[in-house]
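Undergrad: Quick check, what structure comes out for this input:
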Amino acid sequence: MKRIKAILILLIVIFLTSCGQNVNPGNYPKEPDGPVPEAHNGVFVSEYGVMTFNGDGKSITIDLQTDLARLFELEEGEYTGTYVFLSGLLPPNGSFPIRYDAAHELEIKLDDHGKEYDRVFTVGIAADDGSSGSVGLNVVTEDKIPLLFVEEGHYFNVTFEKE
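TA: I've put the predicted structure just below:
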């Protein structure tokens, strides 16, 4: 009888400890030390267009010129919408919002004449010869947002810099 009670208690303990919180919550990036930087605010210009951040950490206005419109797969012109910086794909959690100095992606949602446009862009730096590109901490700064594109195996940047 004592032996049955001991086995029962052991089974209950094993069951209860297995129901605890997951020790490994998943794959999350290390965020930089220090305070979270303030949201982008103001006009950021590239040779391809202009992005205006309203300082609230979510709303944006984009004026697309010919080449950037082609890269965004939209018509030339001005669009309003929202943006969020993302971690990049981190299995099993996927991609999730993160502070911009640790971001690997920028998601932009725009109103395209009543139709929602939603696209995720890689933020990063292309090699000088265009053979590769890299993403990582501090690629996006308070004054610079480099979008990384690949066309026909060639990497290049469209860098938006604060006016």
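
Undergrad: quick one: the strands in this structure?
TA: For the chain, applying DSSP state E gives strands covering 41-46, 49-54, 59-64, 77-86, 105-112, 115-123, 125-126, 133-134, 144-151, 154-162.

Undergrad: rank these by mean pLDDT and give me the bottom one.
TA: Lowest mean pLDDT within these: strand 133-134, a mean of 90.

Undergrad: So what are the sheet partners of that strand and their directions?
TA: strand 125-126 (antiparallel) (DSSP bridges).

Undergrad: Contacts made by the partner strand with the rest, please.
TA: 132-135, 139, 146, 148, 155-157 (C-beta atoms under 8 Å, 6 or more residues apart in numbering). Glycine gets a C-beta too; all of them are placed from N, C-alpha and C.

Undergrad: Tell me what the residue nearest to the spatial centre of the chain is bridged to.
TA: Among the residues of the chain, the one closest to the centroid is L86, at 1.8 Å (C-alpha atoms, centre = their mean). Beta-bridge pairing of L86 under DSSP bridges involves P97, E105.

Undergrad: Touching, it and I98? I think so.
TA: Yes: counting by C-beta atoms under 8 Å, L86 does reach I98; the two are 6.4 Å apart.

Undergrad: so how far is L137 from A127?
TA: 18 Å (C-beta to C-beta, to the nearest Å).

Undergrad: before we move on, back to that, which of the contacts of strand 125-126 sits closest to G42?
TA: Using C-beta to C-beta, P146 comes nearest to G42 of the contacts of strand 125-126, at 16.9 Å.

Undergrad: quick one: L106 and T82 touch, right?
TA: No: if you go by C-beta under 8 Å, L106 and T82 don't touch, sitting 11.3 Å apart.

Undergrad: more neighbours, those two?
TA: L106 (21 against 15; other C-beta atoms under 10 Å).

Undergrad: Disregarding residues adjacent in the polypeptide, which is nearest to the more buried one?
TA: F121 (4.9 Å; C-beta to C-beta, 6 or more residues apart in numbering).

Undergrad: Spit out the contact partners of the one you found.
TA: 105-108, 147-149.

Undergrad: can you check S131 too?
TA: Y155.

Undergrad: same question, the one 3 residues further on
TA: When contacts are counted by C-beta under 8 Å, 6+ apart, S134 touches 124-125, 127.
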